[in-house]
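# Quick one, structure for this:
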Amino acid sequence: MSELWAILEQRDDMPDEQSGELLAELRDVAQRQHEPAKVCAIILSAPGAPLPDSATLSAWGIASLYVLKHPLLGRYSTEAYVSALAWFMQQRRPLLVASSATANGRDCMPRLAARLRLPFAPACLSIDIQDDALFTLRTMYDGRAYVQTRAELRGRVALATLVPGIHGNPVSNRIMAIGNTMVGITTFSPDIADSPISERIKQIAVQALSPEQIELEAAERIVAGGRGVGREGFTTIAAFARLLGAAVGATRVATDRGWVEHARQIGATGKNVHPRLYIACGISGAAQHTSGMREAQTIIAINPDRTAPIFALADLGLLGDANQVIPLAADLMGQS
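Residues are numbered from 1 along each chain as shown. Just a heads-up that it's a prediction; the model follows:
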């Protein structure tokens, strides 16, 4: 039986939020195969590190969990992760290996593909394998166009990364029904050879990016401002975004007036984003802007105009001045 592998990232000893989305995509690929195929998950960790609870794994419909344990895998390291995965892939021959297009996934997967000389498709919106070929849907021109690609596999393993936040974290009766099955867990000790590269690279500390530094395309949470907050309002927005660990976004009006740098612009002439949470502050909801953020999973709109089009997209609407609402929300967060 063919295997499709999902490389899961962990945060605080739990699979990251985008794991369910990645596994759901691979389940769909497995169901479209002419021959039986199963979805397996891979976790890289240090010896003694706890594993995800079996209920979570079974609810995601995983047939098998492969755990690669090595002292060098306790925290992400490019050389250690690539070496461990290359070693494991040489022991077996999966049909597809995929990860989320996170910072680690974007760093590791192309290097893994280059080391093993395998076809690789980055930043996919959807993935499929048919007739010994890898089919993907991707965006180009900052999300203003779509392109479908086809890569001949010729019996080789396909590698891909999936853009997080596109399909959401699916929860359905079908998945819960799968959850009644037991997940087989197998532990391996990969052979990671000493490398001069790994000796030159040492992790000193982990420092969170400021809201002004987080890439909009990769952000899971975004606080965006428009004409309604004014120049001074972006100082409030940046402080609130820092509390949420979110990125700062803006409309074209805000960037044209110099309130925020143009790299922060979201919309038809800016960035196309897919965050899990999007907070629109003082944004009316013009089509130029909403075309770049309408695929956010949860949208909260704050605007004093009850007729603002942004409320039609919002999951939660707050009628009021964002410059007054945001400080109140920040105070409540500080008290909790």
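# did I read that right, residue 190 in a strand?
No: counting by DSSP: H, G, I helix; E, B strand; the rest coil, residue 190 falls outside a strand, being coil.
# can I assume it is in contact with residue 68?
Yes: taking C-beta atoms under 8 Å as the definition, residue 190 is a contact partner of residue 68 at 5.1 Å. All C-beta atoms are positioned from the backbone trio N, CA, C, and that covers glycine.
# residues shared between the contacts of these two?
84, 88 (C-beta atoms under 8 Å, 6 or more residues apart in numbering).
# Let's verify the residue most central in space within the chain: helix, strand, or coil?
For the chain, the residue nearest the mean C-alpha position is residue 164 (3.0 Å; C-alpha atoms, centre = their mean). Taking three-state DSSP as the rule, one finds residue 164 in the coil state.
# show me where pLDDT drops low in the stretch 101-250 of the chain?
Residue ranges of the stretch 101-250 of the chain with pLDDT under 70: 142-143, 167-181, 194-201, 208-209, 211-212.
# what do you get if the cut-off is 80, keeping everything else the same?
141-144, 165-182, 193-214, 218 (pLDDT under 80).
# mind listing the helices in it by residue range?
103-116, 173-178, 196-200, 230-244 (DSSP state H, counting those that start in this stretch).
# can you put these in TSV and add distance to residue 287 and mean neighbour count?
Shown next, in TSV, are the helices of the stretch 101-250 of the chain (distance: least, C-beta to C-beta, whole Å; neighbours: other C-beta atoms under 10 Å):
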stretch	distance to residue 287	mean neighbour count
helix 103-116	30	18
helix 173-178	35	13
helix 196-200	48	10
helix 230-244	22	18
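# Distance check, the nearest residue to the residue nearest to the centre of the chain once chain neighbours are set aside against residue 30.
Counting by C-beta to C-beta, 6 or more residues apart in numbering, the nearest residue to residue 164 once its immediate chain neighbours are dropped is residue 18, at 3.9 Å. Distance, residue 18 to residue 30, using C-beta to C-beta, to the nearest Å: 18 Å.
# more crowded one of the two?
A side-by-side neighbour count of residue 18 and residue 30, using other C-beta atoms under 10 Å, places residue 18 first with 25 against 22.
# one step back: of all the helices of the stretch 101-250 of the chain, which one is nearest residue 136?
helix 103-116 (13.2 Å; C-beta to C-beta).
# And the longest strand seen in the chain, what's buried?
When the chain is parsed with DSSP state E, its longest strand is strand 120-130. Using 16 or more other C-beta atoms under 10 Å as the test for burial, strand 120-130 gives 120-129.
# now for these, which pair is the farthest apart?
Longest span within the buried residues of strand 120-130, C-beta to C-beta: 123 and 129, 17.6 Å.
# Let me see the domain layout of this protein.
2-200, 216-335 (automatic domain parsing).
# So which of those domains is the most surrounded?
Here the criterion is mean neighbour count by mean count of other C-beta atoms under 10 Å, and of the domains of the chain the winner is domain 216-335, at a mean of 20.
# could you show me where the strands are in the stretch 151-300 of the chain, in order?
158-162, 184-188, 221-225, 247-250, 277-281, 298-303 (DSSP state E, counting those that start in this stretch).
# how far off strand 221-225 does the longest one point, in degrees?
Strand 298-303 and strand 221-225 are oriented at 20 degrees to each other (axes from the mean of the first three to the mean of the last three C-alpha atoms, to 10 degrees).
# any idea of the mean pLDDT for the helix or strand just after strand 298-303?
Counting by DSSP states H and E, the element after strand 298-303 in chain order, helix or strand, is helix 310-313. On average, the pLDDT along helix 310-313 is 95.
# What strands line up against the next helix or strand after helix 310-313, and which way round?
Once the chain leaves helix 310-313, the next helix or strand it forms, by DSSP H and E, is strand 316-319. Strands that pair with strand 316-319, judged by DSSP bridges, come out as strand 298-303 (parallel).
# contacts for the partner strand?
The contact list for strand 298-303 (C-beta under 8 Å, 6+ apart) reads 228, 276-285, 293, 308, 310-311, 313-322, 325-326.
# can you give me how far it is from the chain middle?
Chain-centre distance of strand 298-303: 21 Å, with C-alpha atoms, centre = their mean, to the nearest Å.
# likewise stretch 121-130?
On C-alpha atoms, centre = their mean, the centre of stretch 121-130 falls 14 Å from the chain's centre.
# CA atoms only: put it into CSV for me.
This file holds the C-alpha atoms of stretch 121-130, laid out as CSV (Å, rounded to 0.1, in the frame of the first residue of the first chain):
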residue,chain,number,x,y,z
ALA,A,121,6.4,22.1,-5.6
PRO,A,122,6.4,25.0,-3.1
ALA,A,123,3.5,27.0,-1.7
CYS,A,124,0.7,25.0,-3.1
LEU,A,125,-3.0,25.7,-2.7
SER,A,126,-3.9,22.2,-3.6
ILE,A,127,-2.0,19.0,-4.4
ASP,A,128,-2.8,15.8,-6.4
ILE,A,129,-1.0,12.8,-7.8
GLN,A,130,-2.4,11.1,-10.9
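# Please shift the residue numbers so they start at 246 in all later answers.
In the new numbering, first residue 246, that becomes stretch 366-375.
# That's all I had, so thanks and see you.
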